[in-house]
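1. Got a predicted structure here, sequence first:
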Amino acid sequence: MQEIRPGKFFRQLGVLIARNFQLIWNDKLILGSLILQSPLMVLVIYLVGDPDCFTSNLVNVGSRTMLFILCAVSTFMGILNSYREICKDREVIFREASVGVSLLATVLSKAVTLLLVEIVQAGILTFGFLRIIHVPQNNLLIGTNVEIYITVLLMMFCSSAMGLLISSALKSSESAILLVLVLIIGQVVFSGVMFDVGGALTYISTIIVCRWGMGALGAITDINSRLAWLRAGLDSNMYDATVPNLVHSWRMLGLLIVVCLIAAWLVLYLAFSRRKS
């Protein structure tokens, strides 16, 4: 195990974060992708969304669909932001680790860089969503708009952490594509929104970002009560508009972030150890 000295560790972390941003700035393709992702997703919401889906009884079922679209695009953006980040620099990372650069600092530098980018991306996506869709202001814990922004950011960062785990386990971005597709499909299938998930499949759903994002957004917008007249709610107490439900969904997203980042570090460390031996 690499020795971690706090002073040296944080110096390395700062240098690596600065380098990550410089690499993004120098690669115009990646820079353009990061800049355009949120506006393009807002355009998708504009094209398919009904602005009055939360307030018109005639189209109230659409409110659930719009929340799921917001969850899905947030998750997809996070995965696409991160799945190449470690595997594309794998050889450089291992060379630097051999001369004392902390692998934990490397993983965290990628995570912090993505978080800072996604703070902006989540802001654009949330602002666009709220400008297009007239979301009722329930102010469950804090302001409804802020609650939605926090949820979108947590979903993006959580899926980015999963992407970093995939990236740390594989040797090339090409080999990661299959796992990325599986992860994206899993967000749809096991979220509990499009299909009923029961039995042993409920254990899989506990690691699905869209499930917890949808739980938080469902609580924020009181989706079960709004759909009660159609008996078309999400049929789960986790979507009731209560502070414990909202906080629980946020905590689960936070826990997934921590677990995935630790796992990414351990996977990378084991690969580095095998290479040295």
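-> The structure has been received and is ready for your questions. Residues are numbered from 1 along each chain as shown.
2. Give me the helices and strands touching the helix or strand Ile262 falls within, please.
-> Remark: Ile262 resides in helix 243-276, with elements defined by DSSP states H and E. Under the contact criterion of 3 or more CB pairs under 8 Å, 6 or more residues apart in numbering; DSSP states H and E, helix 243-276 touches helix 90-98, helix 103-132, helix 144-169, helix 209-221. Where you see a C-beta, it was placed from the backbone N, CA and C, and this is true even at glycine.
3. list the buried ones in whichever strand or helix holds Gln22?
-> Gln22 is located in helix 6-26, with elements delineated by DSSP H and E. Residues of helix 6-26 classed as buried by neighbour count (16 or more other CB atoms under 10 Å): Phe9, Gln12, Leu13, Leu16, Ile17, Asn20.
4. and it, how far out from the chain's middle?
-> In terms of CA atoms, centre = their mean, to the nearest Å, the centre of helix 6-26 is found 22 Å from the chain centre.
5. what's downstream of that helix, the next helix or strand?
-> Reading on from helix 6-26 to the C-terminus, the next helix or strand found by DSSP H and E is helix 28-48.
6. Pull out the buried residues from that next one.
-> Leu34, Gln37, Ser38, Met41, Val42, Ile45.
7. So which elements touch the following helix or strand past that helix?
-> Using DSSP H and E, the helix or strand that follows helix 28-48 in sequence is helix 61-82. Helices and strands touching helix 61-82, as assessed by 3+ CB pairs under 8 Å, 6+ apart, comprise helix 28-48, helix 103-132, helix 144-169, helix 173-189, helix 209-221, helix 223-226.
8. buried residues in the longest one?
-> The neighbour-count check on helix 103-132 (16+ other CB under 10 Å) flags 103-111, 113-115, 117-118, 121-122, 125-126, 128-129, 132 as buried.
9. where's Arg251 relative to Leu125, distance?
-> According to CB to CB, to the nearest Å, Arg251 and Leu125 sit 22 Å apart.
10. quick one: low-confidence parts of this structure?
-> Residues of the chain that meet the criterion pLDDT under 70 lie in 1-4, 56-61, 173, 192-201, 226-236, 276-277.
11. Nearest to the spatial middle of it, which residue is it?
-> The residue lying closest to the centre of the chain (CA atoms, centre = their mean) is Met156, at 2.5 Å.
12. which residues sit in contact with that one?
-> Counting by CB atoms under 8 Å, 6 or more residues apart in numbering, Met156 makes contact with Ser74, Thr75, Met77, Gly78, Asn81, Glu118, Gln121, Ala122.
13. Equivalent analysis for Asn245, please.
-> Going by CB under 8 Å, 6+ apart, the list of residues near Asn245 reads Gly215, Ala216, Ala219, Asn237, Met238, Tyr239.
14. if you set the cut-off to 7 Å instead, what comes out?
-> Going by CB atoms under 7 Å, 6 or more residues apart in numbering, Asn245 touches Gly215, Ala219, Met238.
15. With Leu34 instead?
-> If you count contacts by CB under 7 Å, 6+ apart, then Leu34 has Ile24, Val117 around it.
16. Distance-wise, check it relative to Lys28.
-> Distance from Leu34 to Lys28, by CB to CB: 11 Å.
17. Give me the neighbour count for Ile142.
-> For Ile142, the neighbour count with other CB atoms under 10 Å is 10.
18. where does it fall, phi/psi-wise?
-> phi -130, psi -160 (degrees, to the nearest 10).
19. Of all the helices and strands packed on helix 61-82, which one is nearest Ala263?
-> helix 144-169 (5.3 Å; CB to CB).
20. angle of that closest one against helix 103-132?
-> Angle, helix 144-169 to helix 103-132, by axes from the mean of the first three to the mean of the last three CA atoms, to 10 degrees: 140 degrees.
21. Nothing else from me, thank you.
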